[in-house]
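> sequence and predicted structure, then a few things I'm wondering about:
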Amino acid sequence: MKKSLGKMMLGAGLAFGAAASGHAAERLVYASYYGEAYTVSKADIWVMSEIEKRSNGGIKFERYHNATLLKAPDIYPGLSSGAADIASGTPAAYNRNQYRLSNVALPYISSDIIAVGKAMKDLYDSNEAFQQEFERRGAKVLYFLPWGESSFYTGARPLVRAEDFKGQKVRAVQAIAESVEALGGTPVAMTWNEAVEGLTRGVVDIAGSIPFDSGVFGGIHESAKYASDGGDQGIFSVAAISINKKRYDSLSPELQKVIDDVAAEAQQKYFELLDESYEDVVNRLCTYKGGLTINVFSDEEAKKTADIVNPIVQGNWTKWAASGNQVDTQAFLNQYVELVRKYEADSDWKSGYQRLKDRGCVQQ
């Protein structure tokens, strides 16, 4: 009997070992439109590698970066339909009408990556309406990763005051476009690649809505004469990494726990990776010999700019986000801002432009 039991246990162990080694692994399809060089992608790659490792091969990922499976506007619809199991995208930008509450990360609120990231996760965990924005479309958010604060690049003249936006054609997306309008500029919708070429050819006077580190990695500074923080315009966009809820529910509790545990660590890993990325970008800009002048608005001009923009942009958002939602959007925005301020109080994050100032690489 003992021998028979021993054989049964050995057989069960071998069977589990076979599953863990990949013979019966759960295959999850990951889709993103970001290239692997982006910091958001680097965090996702770490998450997938950790899940594969901690599940002992019980989960394997089929990875599609750089829109090789789904283009940016199709990432979240593709997640809903089951074309992908895990999606890394920015539905607030590309599926705005379906993800209105996700656009709560408005400009001129904060440049603190840590505070915004934690605030978005807390908001999702505590606010049923925000959860349902994703879950009624078959998505379960695993983690949020804020993009870097907005940067502006100009070809003809510096951008150092609110008045400098007036009469200018500005590449701008999401709420940045409304900010530009509020300041007297003309927002122009164009892709990232079009923005780089458009600035060089004079199609736009200013290229904006550019996350601090991504813009430099994309070479936008090589096409400009001036860079600016736009008055500490801050974070305006957040990536949401989600799993198809039906697919998640189909996994064993053990595998679900592995995914949840790693996802809970994803933000901290991202903060570490982004800190390294920012230091790299600051070094590149401070040592760049191509004639780029870096400007920041004075504290007085930054406050003036925010005072002009915030009543308009936040007022427009609360009305727009309420359409089709049975939600007190002003209370939702207030909750987001309160959470950001709570986490700012304990955060040691420095924005890219703060780091440039500390290095003595900016002019005001």
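Arrived safely. Numbers count the residues shown, from 1 in each chain.
> Three-state assignment for the nearest residue to residue 83 once chain neighbours are set aside, please.
Computed as C-beta to C-beta, 6 or more residues apart in numbering, the closest residue to residue 83 that is not its neighbour in sequence is residue 70, at 6.4 Å. Quick note: C-beta positions are derived from backbone N, CA and C, even for glycine. Classification of residue 70 using DSSP: H, G, I helix; E, B strand; the rest coil returns coil.
> how far away is residue 70 from residue 34?
Distance, residue 70 to residue 34, by C-beta to C-beta, to the nearest Å: 12 Å.
> give me the pLDDT value at the residue nearest to residue 83.
Per-residue confidence (pLDDT) for residue 70: 97.
> that one against residue 78, yeah?
Yes. Judged on C-beta atoms under 8 Å, residue 70 makes contact with residue 78 at a distance of 4.3 Å.
> more neighbours, the two?
residue 70 (22 against 19; other C-beta atoms under 10 Å).
> contact partners for that one?
Residues near residue 70 by C-beta atoms under 8 Å, 6 or more residues apart in numbering: 31, 33, 64, 78, 83, 84, 87.
> give me that answer again for 10 Å
By C-beta atoms under 10 Å, 6 or more residues apart in numbering, the contact list for residue 70 reads 29, 31-33, 64, 76-79, 81, 83-84, 87, 89.
> cool, and residue 43?
Neighbours of residue 43 in contact, by C-beta under 10 Å, 6+ apart: 88, 143, 145, 239, 241, 266-274.
> ditto for residue 239
Residue 239 makes contacts with 32, 34, 38-41, 43-44, 87-93, 117, 120, 143-147, 270, as judged by C-beta under 10 Å, 6+ apart.
> next: residue 103.
Counting by C-beta under 10 Å, 6+ apart, residue 103 touches 91, 92, 93, 96, 174, 175, 236, 237, 238, 317, 320, 321.
> let me know the pLDDT of the third one.
Residue 93 carries a pLDDT value of 92.
> where does pLDDT dip in the stretch 101-250 of the chain?
Scanning the stretch 101-250 of the chain for pLDDT under 70 picks out nothing.
> so residue 216 sits right up against residue 286, yeah?
No. Applying C-beta atoms under 10 Å, one finds residue 216 not in contact with residue 286, separated by 11.3 Å.
> pLDDT of the longest helix along the chain, averaged?
Ordering each helix of the chain by length in residues (DSSP state H) puts helix 253-287 first. Mean pLDDT, computed over helix 253-287, is 98.
> same check, this time on stretch 42-59
Stretch 42-59 comes out at a mean pLDDT of 98.
> so which bits of that stretch are buried?
42-48, 50-52, 55, 57-59 (16 or more other C-beta atoms under 10 Å).
> before we move on, what about stretch 206-222?
Buried residues in stretch 206-222, counting neighbours by 16+ other C-beta under 10 Å, are found at 206-218, 220-221.
> in strands, which of those fall?
Under the assignment DSSP state E, the buried residues of stretch 206-222 contribute 206, 207, 208, 209, 210, 211 to strands.
> tell me the one among those residues nearest to residue 164.
residue 206 (8.8 Å; C-beta to C-beta).
> now the closest residue in space to that closest one that isn't next to it in sequence, what's its secondary structure?
Leaving out its chain neighbours, the residue that sits closest to residue 206 by C-beta to C-beta, 6+ apart is residue 170, at 4.4 Å. Per three-state DSSP, the secondary structure class of residue 170 is strand.
> and if you look at residue 240?
Here residue 240 takes the strand state, with states given by three-state DSSP.
> wait, what's in contact with it?
Neighbours of residue 240 in contact, by C-beta under 10 Å, 6+ apart: 75-76, 87-92, 99, 102, 120, 124, 134, 139, 141-145.
> 8 Å - rerun?
Contacts of residue 240 (C-beta under 8 Å, 6+ apart): 89, 90, 91, 92, 102, 134, 141, 144.
> tell me the SS of the closest residue in space to the third one that isn't next to it in sequence?
This means residue 91. Distances taken as C-beta to C-beta, 6+ apart put residue 99 closest to residue 91, at 4.1 Å, once the chain neighbours are dropped. For residue 99, the assignment made with three-state DSSP gives coil.
> residue 99 is in contact with residue 130, isn't it?
No. With contact defined as C-beta under 8 Å, residue 99 does not count as touching residue 130 (9.9 Å).
> what sits opposite the spatially closest residue to residue 85 that is not a sequence neighbour in the beta ladder?
Nearest residue to residue 85 in three dimensions, chain neighbours excluded: residue 28, at 4.3 Å (C-beta to C-beta, 6+ apart). Beta-bridge partners for residue 28, by DSSP bridges, are residue 61.
> let me see the contact set for residue 28.
59, 60, 61, 62, 85, 86, 243, 247.
> now swap in residue 301 and tell me
Per C-beta under 8 Å, 6+ apart, neighbours of residue 301: 160, 161, 162, 231.
> please, which helix or strand holds it?
Taking DSSP states H and E as the definition, one finds residue 301 inside helix 299-322.
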